[in-house]
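A.B. asks: kindly return the folded structure for what I paste below:
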Amino acid sequence: MAIALYWLLQVNKPLRKFSNPKYRSGLLLAVFFSSPLHAKNVEILHWWTSPGEASAVQAAKQQLESQNLQWQDFAVMGGAGENAMSVLQQRINAGNPPLAATIGGIKIQAWGDKLANISQLATEQSWNKLLPPILNEMVQYKGQYVAVPLGISRVNTLWINKHLLDKSGAKVPKTWDEFIATAKLLQKAGITPLSVGQQGWQVATLFESLALGIGGADFYRKAFIELDAAALSSPTMLQALSMLKRLKAYTSPHSAAEWSSATAKLIHGQAAMQFMGDWAKSEFTVAGQVAGVDYLCVPAPSQNQAYSFAADTMTLFQLQSPSQQKAQQAFASTMMSKATQINFNLHKGNFPARNDVSLEKFDACAKESAQNFNLASSKNILVPSWSHNMAQYDATRSVFFDIIFSYWKNNNISPAKAAERLVLAAKTLEK
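C.D. replies: Numbering: from 1, shown residues only. Here you go, the predicted structure:
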C-alpha cells in the first residue's frame, strides 16, 4: 500500500487540481481507506486528465449532480489507461473497487466475475435497440450487461492545422503517397509535418492507421485480432512497417511526450498534422479553435474508408452496500441518458453511443465520424481498435507496443525483423 500511495502521489503531480494538498489527501483517503462510499457518491476510475478530457468529465459531473449524485474522482494519468489498470487491480485485490472504471472493448471480459449486473436496467431502457450491434455486444459479459457506453471515436483520424497547410500550398492527403508529398511540401516551407508523442501507444496508434489504410479491414482483422502469423509477416505488413519508418523523417526531434502536448503543437502552429482518435478534438475545442477554420479532421488515408473505432465506456464493479448499488444503478441510467451523451461528447470530441440522439449540436467532424461509422458497419469495414483496448488484452497490446516503439526508435531494426518479432510474440501469447 505504501508503494501504491507513493505512486499515486507521483502520477498526479502534473494535475493542478491534485497539486492542492486538500484535494490530494481527499483522493487518497477515498482510494485507500475501506470505509464505504455514501449512497450519493460515485467513485470513478479514469485517465481523462488532459484539458479537453477534463472538460468532458466536468460535463458528466454536472449531469450527475442534476440527479443528486456526486462524481468522486479517482483519476490516474497515463494515456490509454496503462497506469490505471495496475492501480485498479490493487483495489480489486483489496476488495475495495470503485463504482465504475473507464474500461471498454474486449478488456471488459477480463474483469467478468467482478462486474455488476445491470441487465434489468438495460432491458427496461431497451439498450439492445439504442446501441450499435457491435457495441451492444461489447458491453455484456456472458449475456449480462455490465457496462455503459458513452461515446464512439474514430481512431484512424488525421488532424491538420489548416493555416499551415494553406501556407505550404499542400493539399489534404487521401493516400499514403499523397501524405508523403504533403509532408515534403510542409517541410520545404519550414514546417514540422507530423507530431507524434513519444510513447509506445501513440506510435502504435499511428501504425494502426497505417496498417488499416494500407492493408484494409480483412488484413487488419487477420493481423491484429486473430494474430495470424501469415498476416503479421506478410508483404502488406512489411509495407506498413516501412511506411512507419518513412514517416519518422517528418517528425520533430523535439517531440512531445503526452498525446495532448503533441496535439498542442498543432494548435500553436508548431506542427501541421497528427494521427489520433476523435478525442483530440477536445483539445482544439478548449483552445477555442473551430473545425474547418483553424483545423481539419479527416479520415486517415485508406483504400476503402475502413474505420477503426474505440468507445468511451464505464464498466461497473460489484458493490456490497445496498445504498452503493442503488447509486450505481442511478449512475448507469444517467450516463446512458440523452442529455449526458450529448453534453459529455460535445466536450470529449466523440459522438454519442446511442443511435437515437440528435447530432444537431455537434460539429461537422462528429457528424462525419458518425456517418462514416454507420457506412463502414454496413460495408463490413468497421474494426475495433487494437491499440485502444477494443480488440486485444493488455498482455498482447503491451508487447506489440514495445515491438513497434522499439522499431520506431531504432533505425537498425528492419521491417522484416520487426515483423518477425510480432509473429514470435503472437505465438508466445497463444500458449
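A.B. asks: any weak-confidence spans in this structure?
C.D. replies: Scanning the chain with the threshold set as pLDDT under 70 gives 1-39, 75, 77-82, 431.
A.B. asks: at the geometric centre of it, which residue do we find?
C.D. replies: Computing the C-alpha centroid of the chain and ranking residues by Cα atoms, centre = their mean puts His388 first, at 5.2 Å.
A.B. asks: what backbone torsions are found at that residue?
C.D. replies: Backbone geometry at His388, expressed as degrees, to the nearest 10, gives phi -130, psi 50.
A.B. asks: quick check: it vs Ala311, distance?
C.D. replies: 9 Å (Cβ to Cβ, to the nearest Å). C-beta coordinates here come from the backbone N, C-alpha and C atoms, glycine included.
A.B. asks: name the next helix or strand downstream of the strand or helix carrying Ala230, please.
C.D. replies: Applying DSSP states H and E as the criterion places Ala230 in helix 229-232. Proceeding N to C from helix 229-232, the next assigned helix or strand is helix 235-248, under DSSP H and E.
A.B. asks: skipping adjacent residues, who's closest to Gly215 in space?
C.D. replies: Leaving aside its sequence neighbours, Gly215 sits nearest to Thr236 (Cβ to Cβ, 6 or more residues apart in numbering; 4.4 Å).
A.B. asks: please name the residues that touch the one you found.
C.D. replies: Residues counted as contacts of Thr236 (Cβ atoms under 8 Å, 6 or more residues apart in numbering) are 211, 214-215, 219.
A.B. asks: please apply the same query to Ala332.
C.D. replies: 118, 121, 148, 314, 316.
A.B. asks: from Asn411, how far off is it?
C.D. replies: Relative to Asn411, and taking Cβ to Cβ, Ala332 is found at 49 Å.
A.B. asks: what do you get for Glu53?
C.D. replies: Taking Cβ to Cβ, one finds Glu53 at 34 Å from Asn411.
A.B. asks: neighbour count winner among these two?
C.D. replies: Neighbours per residue, other Cβ atoms under 10 Å: of Glu53 and Asn411, the larger number sits with Glu53, 22 against 9.
A.B. asks: my guess is that one meets Gly277, correct?
C.D. replies: No: Glu53 is beyond contact range of Gly277, at 11.6 Å (criterion: Cβ atoms under 8 Å).
A.B. asks: hang on, Asp294 packs against Leu164?
C.D. replies: No: counting by Cβ under 8 Å, Leu164 is not a contact partner of Asp294; they are 10.3 Å apart.
A.B. asks: which of those two has more neighbours?
C.D. replies: Each of Asp294 and Leu164 has its neighbours counted (other Cβ under 10 Å); Leu164 has more, 21 against 16.
A.B. asks: what strand or helix carries that one?
C.D. replies: Per DSSP H and E, the secondary structure element for Leu164 is helix 162-168.
A.B. asks: how about that helix: buried residues?
C.D. replies: Within helix 162-168, the residues scored as buried using 16 or more other Cβ atoms under 10 Å are 162, 164-165, 167-168.
A.B. asks: in CSV, list these along with distance to Trp48.
C.D. replies: Listed next are the buried residues of helix 162-168 as CSV, based on distance: Cβ to Cβ, whole Å:
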residue, distance to Trp48
Lys162, 27
Leu164, 28
Leu165, 29
Lys167, 33
Ser168, 34
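A.B. asks: now flag whichever of the residues you listed is closest to Ala60.
C.D. replies: Distance to Ala60, by Cβ to Cβ, is smallest for Lys162 among the buried residues of helix 162-168, at 30.2 Å.
A.B. asks: and the next helix or strand past the longest strand seen in the chain?
C.D. replies: With secondary structure taken from DSSP state E, the chain has its longest strand at strand 307-316. Toward the C-terminus, strand 307-316 is succeeded by helix 322-335 as the next helix or strand (DSSP H and E).
A.B. asks: quick one, helices of the stretch 51-200 of the chain?
C.D. replies: Under the criterion DSSP state H, counting those that start in this stretch, the stretch 51-200 of the chain contains helices at 51-65, 82-93, 107-110, 119-124, 127-130, 133-138, 162-168, 176-188, 200-220.
A.B. asks: since that was my last question, I'll sign off now.
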